[in-house]
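Participant: requesting a structural model of the entry that follows:
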Amino acid sequence: MVSRKERFWITFMLRMSFGFLFLIVSLGQFDAGTGVFADKVSSPYSGTWLAGAFENLFGFDDGTAPLRFFLHCIPFIFAAISVPILTGLFLRPALRLGAILLIMLGLGKYITSGNDVAPTAMNFFLAFLICCGLYFLGQEDEAKTE
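Facilitator: Next comes the predicted model:
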């Protein structure tokens with residue numbers, strides 16, 4: 001059984017580490033410019049099956065246009081996720097959204113890089129750590145009911 005103080009510190013460190021991770025990443029993307037970030041990250045998708053699917057199935061002239069729109073929103077999403085994580089309000093939904101976003105970004109990186117699995121593995125590992133934190137938070141609820 002984990003003491004009350006230990007639970008507080010584990011939850012606090014989970015919040016601070018992932019809250020500041022998302023905040024610092026979003027500030028870096030804002031600093032570079034959201035359009036520059038979106039264009040830089042979406043350009044490797046131009047020859048992939050995902051861009052082809054957007055062109056052929058959905059009728060886009062440029063298959064990277066939906067990806068550019070999504071990537072243009074990423075800094076705003078990261079900044080929005082960091083606030084509830086840092087404050088602790090709506091912590092669990094924000095952590096879940098963060099894990100889903102990291103998995104999506106990891107899969108996207110794998111589509112463009114193919115053999116370079118290190119960035120994909122890092123995104124999946126961070127999503128796994130968030131899931132471990134969510135599991136711990138669930139254990140905290142069970143301990144309160146006992």
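Participant: which helix or strand contains the closest residue in space to L71 that isn't next to it in sequence?
Facilitator: Nearest residue to L71, sequence neighbours excluded (CB to CB, 6 or more residues apart in numbering): A38, at 4.0 Å. Where you see a C-beta, it was placed from the backbone N, CA and C, and this is true even at glycine. A38 belongs to helix 34-42 when assigned by DSSP states H and E.
Participant: pLDDT on whichever helix or strand comes after that helix, on average?
Facilitator: Using DSSP H and E, the next helix or strand after helix 34-42 towards the C-terminus is helix 49-56. Throughout helix 49-56, pLDDT has a mean value of 80.
Participant: do stretch 130-146 as well
Facilitator: Averaged over stretch 130-146, pLDDT sits at 76.
Participant: distance of Y135 relative to F69?
Facilitator: Y135 sits 34 Å away from F69, going by CB to CB, to the nearest Å.
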